[in-house]
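Chemist: Below are the sequence and a predicted model; questions follow.
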Amino acid sequence: MTFRVDRTAAGQAPRQTGAPGLPGTKTRPTRAGTSHPGRLARLRRDRALLLLAVPGLVLLLLFQYVPLLGNIIAFEDYEPYYGIVHSNWAGLSNFAVIVNGDPVFLSALRNTLVITLLQVVLVFPVPIALALLLNSMLSERLKRLVQSILYLPHFLSWVIVVAIFQEMLGGSGLLDDWLRSNGHPTLAIIGNASLFKAVLTSQVIWKDSGWATILFLAALSQIDAALYEAASVDGASRWRMLWHVTLPGLRSIIILLFILRLGNILSVGFEQILLQQGQVGLGTSEVLDTYVYHNGVLEGQWGVAAAVGLVKGLVGVALVLGANKVAHLFGEEGLYQS
Amino acid sequence: MSRARTANAPSGVPTPSVPMRAAKGVVLTLACALVLVPFIGVISTSLATEKQVTDSGGFVLIPNQITFGAYQAVLAGGVVTRAFVISVLVTVVGTAISLFSTTTLAYALSRRGSFGHRPLLMVVLFALLFTPGIIPSYLIVKYLGLLNSYWSLIIPTAVNAFNVIVMRAFFMRLPQDLIDSARIDGASEATILRRVVLPLSKAAIAVIGLFYAVSYWNAFFNALLYINDTSKWPLQLILRTYVVNNSELGASQLGGNEALPPQQSLQMAILVISVVPILLVYPFLQRHFAKGVLTGAIKG
């Protein structure tokens, strides 16, 4: 801490001589906290820095924040011809599909929740198990090799992943070719509506479990080796060490990732699902995001689609904030601290 | 690092039993095979001869003879070639724009106590919490007159708040003395960024740049949403049309020869072409990405 203050002071003091044009009143660094230069003086001092922020900030505001205003059409009877300003107000009528439970909407909501539940239960533990396996590998080089193989699918697009799954498990794919040439009945896993959610889940596991191990491996390397030594002195078996040393060491990162996952509970693999809906029909495959896309962009029910999207977004933010609160209650750091 | 190694095999801990180690080996080998076999199959089929593809029923794991006919057909100047060029251009231009706006913003946010530091940082951090909905994003792109323009594939996703935060954390851990002394010498902020900060941050810039490049290359939905003109489609949409949806690829789409290799080989060749750029940067990505990802996780 003292080192930090010294460095700031050393860096700051000569600047007064280096920039004689600046008002002499602003002297001490703000970080040291002795006296703050005036707001205006700071603005003048940092204007070059602020100028650098402009391009990035403009892009962020334009495509991250301004679209929030576009949510106004959730309360309008939006007609592209009239635009946002001149379309008629519709009050809350666009939200009727949610409140009254439109069957198509309810089906999309149900599919979304089922897929999320499947993914939290089946996908979430896989990288933890993989990371534990990798971490226990004794050969560093072999471990590196396995990691590079397992990380690879993360960098492929969903189009490629879906195409690869079709080539493997589809009606004319590798598996069915093999079954056919050996005289067995074929399975045609892809395109089978009742297996759709299982296929989705396995695609997510295939694509991202390897990559997701990175954070767990980093957390594992932070666990103090002395804890293992102490445990072994006490005669703990490897299983007990896993339970009493390793898993507690992973607790924070598991909670953090779980919070992030909660915020996305209503977003399940939009691109992934959109690509495969043609094969299985909307009944089993429509989720909230694809519902918004189909009804809004394709069908022109802009207001209704925007209303569903808006509620979905709000629920997501509320879930993250809520989960973060809960994490604080349990004494964890969570996503951020207020 | 040495800590990591000792955690692997802490002293005095009994080494696992042989069956246990064998079981672990089997699981990890299986996991690797699940990733590698599809790749080998796709590459093999794209290189196999027509006869072998027909005989095997569509999929070849080990080609007995290699032909580049599928690649020649696909790269002869038809829809696939055009889409490939579009994807390359969008990726290159997009990555340049993204890196510029990300590094400048990250640098501007890297000094505590500067004017507006906290509110500006909050603007970036808050953007991590929500994603703008599909409809509002579509409307803003429409109002800006970017529909059907290549810019719609770049500008809306040009700045990623998470990458800004990672980059900022990296900048903040650079030796501040260097930056301070450059300032004493009268260097402007832009000069300091260009001449002092960036040369020290090559690894971080490489990682972030590659993340951006991969996301531009892989982007699929933006193009579907914003671009109606099929002649402007990037490679991912071509992949969807001809590989995922199995639309027939004829001589009229590919331009050139009438005697085309089997559809299966053509499809696999398109798949390989769209994976190869990722495979080319992968070793490089791999060397740096763990570092890049972890910088963001450490509180700056």
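Modeler: Ah, there it is.
Chemist: With adjacent residues omitted, what lies nearest to the residue of the stretch 201-300 of chain B found nearest chain A?
Modeler: Of all residues in the stretch 201-300 of chain B, B:Asn218 sits closest to chain A, with a separation of 3.4 Å (C-beta to the nearest C-beta). Just so you know, the C-beta spots here come from the backbone N, C-alpha and C atoms, and that holds for glycine as well. Nearest in space to B:Asn218, with sequence neighbours left out and distances taken as C-beta to C-beta, 6 or more residues apart in numbering or on different chains, is A:Ser157 at 3.4 Å.
Chemist: residues near the one you found, how many?
Modeler: The number of residues packed around A:Ser157, counting by other C-beta atoms under 10 Å in any protein chain shown, is 24.
Chemist: before we move on, what about the one 3 residues further on?
Modeler: The number of residues packed around A:Ile160, counting by other C-beta under 10 Å, is 24.
Chemist: Which strands and helices lie in contact with the host helix or strand of it?
Modeler: With the criterion set as DSSP states H and E, the secondary-structure element containing A:Ile160 is helix A:158-169. The criterion is 3 or more C-beta pairs under 8 Å, 6 or more residues apart in numbering or on different chains; DSSP states H and E, and the helices and strands that helix A:158-169 contacts are helix A:174-181, helix A:196-221, helix A:270-280, helix B:18-47, helix B:202-218, helix B:235-239, helix B:263-297.
Chemist: Contact partners for B:Ala83?
Modeler: If you count contacts by C-beta atoms under 8 Å, 6 or more residues apart in numbering or on different chains, B:Ala83 has them with B:233-235, B:237-238.
Chemist: so after whatever helix or strand it lives in, what's the next helix or strand?
Modeler: If you go by DSSP H and E, B:Ala83 is part of helix B:79-108. Next in sequence after helix B:79-108, counting helices and strands by DSSP H and E, comes helix B:117-126.
Chemist: can you narrow the contacts of B:Ala83 to ones near chain A?
Modeler: When these are checked against chain A using C-beta under 8 Å from any C-beta of the partner chain, none falls in range.
Chemist: My read is that B:Phe59 contacts B:Gln264, right?
Modeler: Yes. At 7.2 Å, B:Phe59 counts as touching B:Gln264 under the criterion of C-beta atoms under 8 Å.
Chemist: Which neighbours do these two have in common?
Modeler: Common neighbours of B:Phe59 and B:Gln264 (C-beta under 8 Å, 6+ apart) are A:172, B:45, B:53.
Chemist: okay, now the first one: neighbour count?
Modeler: Under the neighbour criterion other C-beta under 10 Å, A:Ser172 is assigned a count of 17.
Chemist: Same question for the last one.
Modeler: As a burial measure, the neighbour count of B:Val53 was computed by other C-beta under 10 Å and equals 23.
Chemist: what residues are up against it?
Modeler: If a contact means C-beta under 8 Å, 6+ apart, then B:Val53 has B:45, B:59-60, B:262, B:264-265 as its contacts.
Chemist: With B:Leu146 instead?
Modeler: B:152, B:155, B:226.
Chemist: mind listing the strands for the stretch 51-200 of chain A?
Modeler: Chain-ordered strands for the stretch 51-200 of chain A, with DSSP state E, counting those that start in this stretch as the definition, fall at A:76-77, A:88-89.
Chemist: Burial-wise, tell me which of those strands comes out on top.
Modeler: Counting by mean count of other C-beta atoms under 10 Å in any protein chain shown, strand A:76-77 has the highest mean neighbour count of those, with a mean of 19.
Chemist: which other helices and strands contact it?
Modeler: Counting contacts by 3+ C-beta pairs under 8 Å, 6+ apart, the secondary-structure elements packed against strand A:76-77 are strand A:88-89.
Chemist: Starting from the strand it packs on, tell me which strands it pairs with and how they run.
Modeler: Strand A:88-89 has its sheet partners listed here by DSSP bridges as strand A:76-77 (antiparallel).
Chemist: OK, contacts around the spatially closest residue to B:Leu285 that is not a sequence neighbour?
Modeler: Beyond its immediate neighbours in the sequence, the residue positioned closest to B:Leu285 (C-beta to C-beta, 6+ apart) is B:Leu210, lying 5.0 Å away. Contacts for B:Leu210 were tallied using C-beta under 8 Å, 6+ apart; they are B:281, B:284-285, B:288-289.
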